[in-house]
Structure formats: structure tokens, C-alpha cells
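> below are the sequence and a predicted model; questions follow.
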Amino acid sequence: MTTYIIRRLLLVPVLLIGVTILIFGMLQFLSPIERSALYIRDVPKNDRAVEGVIKQYGLDKPLYVQYWKWLVGVTDAKTGVRKGGILFGDFGYSRVASQPVADLIKNRFPNTLDLTIWAIAPVILIGIWLGVQAAVHQNGIIDQAARMFSIVGTSFPTFVFGLLMLMIFYANLKWFPPGRLSDIYNRVVLSPDFHHYTKLLTFDALLNGRFDIFFDAIRHMFLPILTLSYISWATFLRVTRSSMLETLRMEYITTARAKGLPEKDVIYKHAQPNAMIPAITLAGFSVIGLLGGVVITETVFTYPGIGQAAAQAAAQLDVVTVLGFALFNGFILIVSNLVVDVLYAFVDPRVRLS
Amino acid sequence: MAEMNPTGDNTLLRETTALREIGWFERFLGPENYRILTGLLKTPASIFGFILIGLFVLIAVAAPLIMPPTTPNDPYKIPRDGFSPNPQPPGTEWKRNAPPLPFWYKPIMRSDKWVHILGTSTGQYDIFYGIIWGTRTAFRTGFIVVILTFLIGTIIGAISSYYGGAVDNVIMRIVDVFLTLPFILAALILAAVITPRFGKSLFPAIIALVTFGWMTYARLIRGDILSVKQRDYVLAAQVIGVKDSRILLRHIIPNAIFPTLVYASLGIGDVVLSFAALSFLGIGTEIGYADWGQVLSFARNWITSLNTYWYIIVWPGITLVLFVMGWNLVGDALRDVLDPRMRGKS
């Protein structure tokens, strides 16, 4: 297993370099002066200032020089102040939001994380259990319902589903409004009495003992959670079901039954751990899928997360901002992929023991 | 154990395994590929899928008959009945810019006055027109993207599996890098980056979908080539000294390509969905171009009053869902047929 993990760790720098080169390549579609937003807040207008900026930040240098400067930034010889440098977390300035991209991400990401946690946790906890039930009682009620749901569910585009949800539950029934919080609670959250322990609004509300704020936040998040996760529900059900069905046909299950083990032990101790392996891989993919999914979901529900900010920047062709988001996403995904693969090694006995 | 005695009389055997006629079509495709095709036509779900796809093909082909364009030079421009921002309900009379009456209109609607059959969206764009001509846009982008991704994926996958070793390793790591970013986000970014270069058109979105779409096909064809490479007839060709390039092009690729080809042709549903998503996010065609994502994105400013203006999302939404469902149903059947555990159980 150690070799497996080492080999997997060696892939990380490869992916990091690859993703940064990919994004750096996309930056080359911009003119040198447009690229200066990577380093400075205000892109100059007159020609002489433009030339000075290009020279100072080496925006006309060969590509490998530019790539290096982009990675580590440009340090002013006199003042010693570093500008830019994605390795230091400086992704340049956002034209649309008129603030550094890193700040924009820092403000928006907790909201997205909050949403993703609430979207994925129930799926993993309940979806796997439902999938196992569907397999154990094949062609039972849960099984039939799950099959119907996964066919219909996978055919609904996220934004169509989201818009329909808004039409039914907001415009018609007025149950679940879009956005982040109601105005009255917004004021409470922004006041100094409200402590931001985790930056995740729902958890902070609980930690502050403000259950009313917690429920208001959940009320706003309910439809986005549903929209973000219904595809995950469908795929989780399907994958756990089929892998559980396959496991139940294995000979060691027959052996376990022949030994006279109670059916409960056969299913939950012998079959389920093995049937879980594909589900764990899928959980990793789901995180990736969700981070892509937030772009559309957050846009439909005007939920202030990084997805909405990225879509807004893209629609207004603010490339530096969009690519900053891409980098951030890339970093997160490389790390979460690594975690999933290592976890996988611990779960799968075939990998663990080899 | 009487059956096991070789008597030279095989009537028993003939009774248990009936002889099967092999038609010219099966001979042409080969048994494995034939099994894939017939497997696709077996379940009611996949047949329903094919019917849905067929209907959309019909709409796309007959678009000028169903909905004659107001501006024949630029049929993809949705005609506007005025400029008012408020959507108009289905059945509202068409006052300005009405297209010529199609052949079916009088017998079915029993009137010769154009009305907005499915209503209008923000800016008085006719929804019915957008859906009909949007079908053509969907197929056009779908075909272009699928053909390009398939070609690129096949070439890269073939090179990777053919040369193997270091080349394979490098190419597969490049595939990993391209797969790191979520597909829709990556496509959104690339489309946003190149839009200023090419202007608002179908082009940036197509490039973006191709750039981040070829990896699945490369992986698929690579796997199939690796398995075909092991077959005896490839070994036979190598033994008698056939050139490597000829072995690859004449013996390996033709025998390995079919599953990827079928898979790719069913990818149109996904491509159209992604394209609509990009359009919905405001990346892609100029405003008023007939494509489903754009028609749906008109609804973004009317979220609070969707109870009155339900028709601006319901009709284009249903269209997109049915389209995607058609391809999904056939795709599900394909997945069952291609599942190695199902081999030989047709």
C-alpha cells in the first residue's frame, strides 16, 4: 500500500504543474496590458504608462519567464513589496468586483462550502443506506422508486430543474426564497454581536445559539441543496444498489449464510463493506461534480458563492477573475482527489494488503 | 453420462443449440458489433428514446416548414414582436415581424392570424420560434462537437496505446490534467477567454466543449485498442511481417473503434445539455439567437414572477428535458450492452 500511496503522491506535482500550465496557456489569449491585472489594480490608460507597466512586470518576455513571474510574483527592488504570484495566493485584481480576486474568493468560498456540505452529507449518509435497501429488497418499493427517480432525475438539466423549483416553491407557494438570508437576519449577522467562528453561516448560527438564523439560512438553502444534489442522489442510489447486488451474489456470502450467520450480519458485516468501495470513489467524484454544479445552481438561485461569482465574471469577460477561480478550484480538486484515492486504499482490502 | 460418448451422431447437439441464420448485416458488422446494435433496440425504454430522438430530428429537418423564418437570410434570429420587457402569454396576437403562415397553421389553429403559440419571453422573443429553430442549433453544435471530440480522442488514444510506455504515460497524465477541472467550469472559462477574440457566436462555446471533451473518448479507445492488440490475428499479422502502421490502421482500429463510435454518437445529448448550460450562463451566442439555453436564460430576470410567466421556462424546459431523456434512455441501454459482464448474454 505504501508504494501505491507514494506513487499517488508523486502525481500531485505533475497535476499542479499541468493545471497551472493549462490556465497560464488560457491567459495568453489576453493582450499583455490586459494581463497586467494579474499584478496591479488599475490598468493604465496612456501609452507611456502602459509601456512602463509591461516592462516592469515582464509581460513581453518569453513565455517561461512570464510563467515563472506568474507563479512567484514580481518584487519591487526598492520597496520589497511583492505583487502577484499565484503560489502566494495572489491571483490578481478583479475588474468586475473591483477587489483582489483572492479576497473575493475568501469572501465567497465559505458560502459555497456551507452549501456543498449540506448538499453532499445527506446523500452519502442516506443515499448509501437506500441503495443497500434497494438491493436487499430487489424489486421492492424502495427499489422501484429509486429506479424511476434515477431515470427522470438524470434527464433534468440542473438549471431547468432549479428554475422549475423556483417557479413552484418560491413564485407560487412562497415557501423557499432565493438568496442567502432574509434582510432582518442579515443585519444581525453583520453586527459585531454575532461571532464568526467557522465562517460557515449555518454552523456559526448554531454556535451563536441563534436557531432562528439557522432555520432562515436553511430555508434559503433548501432549493439550492436540492438542485445541487438530486443528480448525486440518483447516481449514488444506482451505484450502491448495483454493487451491493453484485456482492450479494459472491460465494463468500453464500459461505457466510451456510455457516448459519444471521442475515443481518451477512448483509451489514460481510456484504456492505465490500459494496461500499465504488460508493466511496463516487463520493470523490461527487465533490468534483458539485464544485462544477455550484456554477449553475448558485447562478439560478443568486446564491453568493464562488460559482455565482465565476459565472458573473465569465459573462462580463473578466478573464483574470475567472482564471483565478479556475486555479483555486484546481487546487481544491487536486487535494480532494488525493484524499479520495488514499481513503480508497484504506477501504479496499485488495489495495490495502498488496 | 451417455451424452458424452462421441458417437458421430450430433442430432442431440443440434436440438439443444439451434442453428442460427447469419444475415448479411451481421456478417458486415461482425458478431460483437451486431450484438451491440441489436441490444440497443431491445428494451422498451431505449425504443422510446429512439422515438424521441427521431421526433427531434424531424423537427430540425422540417424547421423551415414548421416555422418559416421572418428573415430568410438569418433564420436563427428569433423575430421580436416589439420591445416590451414583459413576457406575453400563449395565444397573444402577433402584431409585428410575424413570419409567413406555414401550411399547417390554418387547418389546426382554424384562423389565419398568427398568434404566439407558446407566448413570448422578455423583449418579445417568440418562444415557439426559439424552440423549433433551437432544435437545429442543438443538432448542429451537437454534431460538430461530437465529431471533433471523437476524432481528437481517437487519434490521441490510438497514439497513446500504440506506442505505449513513456508516450502512453505522458499522454495519460495530460488527460488527468484536463480532467482535473470540472467540465462545465473549464468550458465556461475557456469560452469566456476566447469570446473577445471571436465575438459572440456558436464558435467559442464549441471550441470550449471540444477542448475539454475529448478525454473520455481517448480513454475508451485506448482501452479497446489495448485489448484488441492481444488478439491472435494481430499476432499473426506481426509474425508475417506486416508494417506497424498498417496493423494499426487496418487491423486494430477498425476492430476497436465501434464501441467508442456508438458511445460518441450518443454523446450528442450531453453536448447539447452543456451547450445550453453555457448559453444559460450568458456565454455563447448573441442575444436573440435561437438556442434553448438562451431562451431559458430570458427567465433569469423574472424569477419572482414565474407564477404568472410560467410559460417562459416550462416550454423550453420540457423541450430540453425530452431531448436529453431521449439520448439518456438509449445511452443506458448501451451501457448495459457494453458491460463486459453482459457479454454473450444477448
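Looks like it came in fine.

> for chain A, what's its nearest residue on the stretch 151-300 of chain B.
B:P182 (2.6 Å; CB to the nearest CB). In short, each C-beta sits where N, CA and C put it, glycine included.

> close to chain A: what parts of the stretch 151-300 of chain B are there?
Residues of the stretch 151-300 of chain B found near chain A (CB under 8 Å from any CB of the partner chain) are B:173-174, B:176-178, B:180-186, B:188-197, B:273, B:276-277, B:280-283, B:296, B:299-300.

> out of the residues you listed, which sit inside helices?
Members of those lying in helices (criterion: DSSP state H): B:173-174, B:176-178, B:180, B:183-186, B:188-197, B:273, B:276-277, B:280, B:296.

> tally of neighbours for residue 326?
As the question left the chain open, I've gone with chain A. 25 (other CB atoms under 10 Å in any protein chain shown).

> was after chain B, sorry
The number of residues packed near B:G326 is 24, by other CB under 10 Å.

> contacting residues around stretch A:6-20?
Applying CB atoms under 8 Å, 6 or more residues apart in numbering or on different chains, the contact partners of stretch A:6-20 are A:67, A:71, A:86, A:327, A:330-331, A:334, A:338, A:341-342, A:345, B:173-174, B:176-177, B:180-181.

> rerun that using 7 Å as the cut-off
A:L71, A:G330, A:I334, A:L338, A:D341, A:V342, B:R173, B:I174, B:D176, B:V177, B:T180 (CB atoms under 7 Å, 6 or more residues apart in numbering or on different chains).

> just put those in CSV and tack on distance to A:A146, pLDDT and neighbour count.
Below are those laid out as CSV (distance: CB to CB, whole Å; pLDDT from 0 to 100; neighbours: other CB atoms under 10 Å in any protein chain shown):
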residue, distance to A:A146, pLDDT, neighbour count
A:L71, 48, 82, 15
A:G330, 34, 87, 23
A:I334, 33, 86, 22
A:L338, 31, 85, 17
A:D341, 28, 80, 17
A:V342, 30, 82, 15
B:R173, 37, 89, 15
B:I174, 38, 90, 17
B:D176, 32, 87, 17
B:V177, 35, 88, 21
B:T180, 31, 83, 20
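
> farthest-apart pair in those, please.
For the contacts of stretch A:6-20, the farthest-apart pair by CB to CB is A:L71 and A:V342; their separation is 26.5 Å.

> neighbours around the closest residue to chain A within the stretch 1-150 of chain B, how many?
Proximity of the stretch 1-150 of chain B to chain A (CB to the nearest CB) peaks at B:A45, 7.6 Å away. Other residues within reach of B:A45, judged by other CB under 10 Å, total 14.

> what about it, which helix or strand?
Secondary structure assignment for B:A45, by DSSP states H and E: helix B:44-61.

> flag every buried residue along that helix.
Residues of helix B:44-61 classed as buried: B:S46, B:G49, B:F50, B:L52, B:I53, B:F56, B:I59, B:A60 (neighbour count, 16 or more other CB atoms under 10 Å in any protein chain shown).

> and if you look at stretch B:153-160?
Result for stretch B:153-160 [16+ other CB under 10 Å]: buried residues B:G153, B:T154, B:I156, B:G157, B:A158, B:I159, B:S160.

> how about the contacts made by the residue lying closest to the third one once chain neighbours are set aside?
Of all residues not flanking B:I156 in the chain, B:A218 sits nearest, at 4.6 Å (CB to CB, 6 or more residues apart in numbering or on different chains). B:A218 makes contacts with B:G153, B:I156, B:G157, B:S160, B:V175, as judged by CB under 7 Å, 6+ apart.

> so what pLDDT did the second one get?
Meaning B:I156. Looking at B:I156, its pLDDT is 92.

> for it, give its distance to B:I147.
Using CB to CB, to the nearest Å, B:I156 is found at 15 Å from B:I147.

> now B:A191
Relative to B:I147, and taking CB to CB, B:A191 is found at 19 Å.

> tell me which of these two has more neighbours.
Between B:A191 and B:I147, counted using other CB under 10 Å, the more crowded position is B:A191 (27 against 13).

> so the residue nearest to that one when sequence neighbours are not counted: helix, strand or coil?
Closest residue in space to B:A191, ignoring its immediate chain neighbours: B:A208 at 4.0 Å, by CB to CB, 6+ apart. Here B:A208 is helix, with the state taken from DSSP: H, G, I helix; E, B strand; the rest coil.

> from B:Y289, how far out is B:I147?
According to CB to CB, B:I147 stands 22 Å off from B:Y289.

> swap in B:S111?
29 Å.

> and those two? Which one has more around it.
Ranked by neighbour count (other CB under 10 Å), B:S111 and B:Y289 place B:Y289 first, with 23 against 11.

> show me what that one is bridged to.
Here B:Y289 sits in beta bridges with B:K77, going by DSSP bridges.

> that one contacts B:D74, correct?
No. The criterion here is CB atoms under 7 Å, and B:Y289 misses it with B:D74 at 9.5 Å.

> what about stretch B:90-107, start to end distance?
Chord length of stretch B:90-107, first to last residue, is 19 Å (CA to CA, to the nearest Å).

> which residues of the chain score low on pLDDT?
Just so you know, I chose chain A. Within chain A, the segments meeting pLDDT under 70 span A:288, A:349-354.

> that's the wrong chain, I wanted chain B
For chain B, applying pLDDT under 70 flags the ranges B:1-19, B:339-346.

> tell me the centre residue of it?
B:I268 (0.8 Å; CA atoms, centre = their mean).

> what parts of chain A come near chain B?
Counting by CB under 7 Å from any CB of the partner chain, the residues of chain A lying close to chain B are A:14-15, A:18-19, A:22, A:26, A:29, A:154-157, A:159-160, A:163-164, A:166-167, A:171-172, A:178, A:288-289, A:291-292, A:295-296, A:299, A:310-311, A:314-315, A:317, A:319, A:322-323, A:326, A:329-330, A:333-334.

> out of those residues, which sit inside helices?
A:14-15, A:18-19, A:22, A:26, A:154-155, A:159-160, A:163-164, A:288-289, A:291-292, A:295-296, A:299, A:310-311, A:314-315, A:319, A:322-323, A:326, A:329-330, A:333-334.
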